[in-house]
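>>> Give the three-dimensional model of this entry:
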Amino acid sequence: MEAKREIKFSLVYRDMWQASGKYVPRKDQLEKIAPVLIEMGCFARIETNGGASEQVNLLFGENPNEAVRTFTKPFNDAGIQTHMLDRGLNGLRMNPVPADVRELMYKVKKAQGVDITRIFCGLNDVRNIIPSIQYAKAAGMIAQATLCITFSEIHTAEYYINMSEELIQAGADEICLKDMAGIGRPEMLGKIVKAIKTAHPEIIVQYHGHSGPGLSMASMLEVAKAGVDYLDVAMEPLSWGMVHPDVISVQAMLKDAGFIVPEINMTAYMEARRLTQSFIDDFLGYFMDDRNKLMSSLLVGCGLPGGMMGSLMADLKGVHSNINSYLKEKGRKELSTDNLLVMLFDEVKFIWPKLGYPPLVTPFSQYVKNIALLNVMFVIKDQPRWTMIDKNSWDMILGKAGKLPGKLDDEIIALAKKNKYEFYNGNPQDNYPNELDKFIAEMDEKGWSRGKDDEELFEFAMHEKQYRDFKSGEAKKRFDIEIEIPNIRLLKYPNAEPIVAPSTGRVIWELDYNEGSKEPVYGKLFRELDPVCTIQTRYGMEQIGSFCTGRLVGIEKKQGEIVRKGEIIAFIEQK
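This is a model prediction of the structure:
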């Protein structure tokens, strides 16, 4: 009879917040929650930092280095491993990072108490991951190399098994299956894990799966049976929806399947739940999108990550009236939003292989969606596909971010040649020379401390703009304005509620090419869900609907003004 096997849990406390909203808890809040999470007794690992969390610290005027050290120390003392998420070539930001800054990152994070780094590349280009494996190991960290899971004729079990072999041969200590959209099929995921554990029984394998499309529990059971060592889990009030399955449900499922799993101290669970809810009530909940609390099986067909469904629907609403106006003028049948949604999903399926099957993870999922949406608009208007492709999407196509998994269609290659664009086949890192000396010189000139273990130097080099705003106090000023929204409402419009920007961009109240565009008149009546305005973001148009039936009583952002995520656009008084 086969012996029962133990499976351990990792609480992705960082990702629970970042999959739910804009901000993460402050240092003092992390200090409160850490001992309670330890008391729960069921977590072998905790995700403490990485991703966008440290950039977010800077945005609300807090030193991320102090926050990381404060959060990791209790877990270090308790023997619970800490881990972070890093984006390989992009480090802890959305754009490529020089090699010397990448190397310094691991030295700093190890000194701050982070044990494991989860390294991924949005294109699954191992050239963007392997240097980070070497830097992390040299710094004394555990290098967990990552497979970004998606589902296509290219992204098969064999594709991922071969990728894992390359990463293990390059020195990866562990492998993570990062199912960022939750669309990995359970059977395929099981095959990947089984192959890795059969060939390399000594390699730790961890599964990270979002719950958006509803496949994650089945996937967890499948990878458990295949030999996975760790499962990433969440807990209330930030579980399910577009986040992760709750540890209680996962534990019950695995226990029934015969696995050895840790017991949960439910008294501590409820206290951690209460504390997390208090952080939400304090200020963090104000910056959360309610749509992220919902699951959607529509994500299975399109393959797009759940976190972008809100912006996708807003984009559709933004172009819907424009398309129907055109169709009406031409005497053609108008389209419903559902018609348009199906057309967009079909277009994503059509163009994705032509674009070389880039994994549908940020930012590449946005690029594919943007191209698809523009194509739908142009085709409806009897114009050619590919009439408009933005620069970021072209950079992806041309290979400047890394090698695409699949072959580009001849039509795309011909279009690039027509535009006199050149394809890049070299190592993406070569485009970004070392920069630390420049930042060291400026810090010396300004009299800024490089910090303990060069951690301030690292933050400056990794998040230059945000760090400058942090040092000058501008970041804290902006954040104070954001959290003063309830006070502003009480003073200026005591009976009204604010319309808050869900993203950063340019406010478009209307598009009037004849008499000029402007804001609506005060007192204008909006029905619930009526379009109020649109934000032109870097990823497309995001329409803002009214949260109630009411009248417009105040406008904070005029036509064409830039609004930051979380700022007030206008006030509506409920009727």
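
>>> Only C-alpha atoms from now on, for both contacts and neighbour counts.
OK.

>>> Quick one: mean pLDDT over stretch 42-59.
If you average the pLDDT over stretch 42-59, you get 94.

>>> Correction: the previous question concerned stretch 348-355.
For stretch 348-355, the mean pLDDT works out to 93.

>>> Over to stretch 144-162?
The average pLDDT within stretch 144-162 is 96.

>>> What residues sit buried inside it?
Using 16 or more other CA atoms under 10 Å as the test for burial, stretch 144-162 gives 144-151, 154-157, 160-161.

>>> Select the helix or strand of the chain having the lowest average pLDDT value.
Least confident helix or strand of the chain, by mean pLDDT, DSSP states H and E, is helix 485-492 with a mean of 56.

>>> Skipping its backbone neighbours, what lies nearest residue 277 in space?
residue 237 (6.5 Å; CA to CA, 6 or more residues apart in numbering).

>>> Can you pull the phi/psi pair for the one you found?
Dihedral angles of residue 237 (phi, psi; degrees, to the nearest 10) stand at phi -90, psi 20.

>>> check contacts around it.
Under the criterion of CA atoms under 8 Å, 6 or more residues apart in numbering, the contact list for residue 237 reads 273, 276-277.

>>> repeat for residue 37
43, 268-269, 272.

>>> rewinding a little: from residue 210, how far out is the residue nearest to residue 277?
Using CA to CA, to the nearest Å, residue 237 is found at 15 Å from residue 210.

>>> State the helix or strand in which residue 299 lies.
helix 298-302 (DSSP states H and E).

>>> Residue 254 now?
Using DSSP H and E, residue 254 sits within helix 247-256.

>>> what's that helix packed up against?
Counting contacts by 3 or more CA pairs under 8 Å, 6 or more residues apart in numbering; DSSP states H and E, helix 247-256 packs against helix 216-226.

>>> Contacts for the helix it packs on, please.
By CA under 8 Å, 6+ apart, helix 216-226 touches 7, 182, 184-187, 189-191, 193-194, 207, 209-211, 231, 244-245, 250, 253-254.

>>> Follow the chain on from it and name the next helix or strand.
strand 230-233.

>>> you'd agree residue 524 is up against residue 552?
Yes: taking contacts as CA atoms under 8 Å, residue 524 lies within contact range of residue 552: 5.4 Å.

>>> Neighbour count: the two, which is higher?
Higher neighbour count among residue 524 and residue 552: residue 552, with 22 against 11, using other CA atoms under 10 Å.

>>> and the next element down the chain from the host helix or strand of that one?
Residue 552 belongs to strand 550-555 when assigned by DSSP H and E. The C-terminal neighbour of strand 550-555 among helices and strands, as given by DSSP H and E, is strand 562-563.

>>> That next one packs against which elements?
Looks like strand 562-563 contacts strand 505-508 (3+ CA pairs under 8 Å, 6+ apart).

>>> so what does the strand it packs on touch, helix or strand wise?
Right, strand 505-508 is packed against strand 531-537, strand 562-563 by 3+ CA pairs under 8 Å, 6+ apart.

>>> hang on, the earlier thing: by neighbours, which of the contacts of residue 37 wins?
Among the contacts of residue 37, residue 272 has the most neighbours (other CA under 10 Å), with 24 neighbours.

>>> List the contacts of the closest residue to that residue other than its chain neighbours.
Of all residues beyond its chain neighbours, the one nearest residue 272 is residue 36 (5.9 Å), with distances taken as CA to CA, 6+ apart. Residue 36 makes contact with 268-269, 271-272 under the criterion CA under 8 Å, 6+ apart.

>>> now those residues as TSV including secondary structure?
TSV is the format used below for the contacts of residue 36 (DSSP: H, G, I helix; E, B strand; the rest coil):
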residue	secondary structure
268	helix
269	helix
271	helix
272	helix
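
>>> Closest to residue 499 out of these?
Using CA to CA, the shortest approach to residue 499 within the contacts of residue 36 belongs to residue 272, at 31.1 Å.

>>> right, and the closest one touches residue 30 too?
No: between residue 272 and residue 30 there is no contact under CA under 8 Å: 11.1 Å.

>>> count of residues packed around residue 190?
Neighbour tally, residue 190, other CA under 10 Å: 21.

>>> let me fix that: residue 196
What residue 196 shows, counting by other CA under 10 Å, is a neighbour count of 24.
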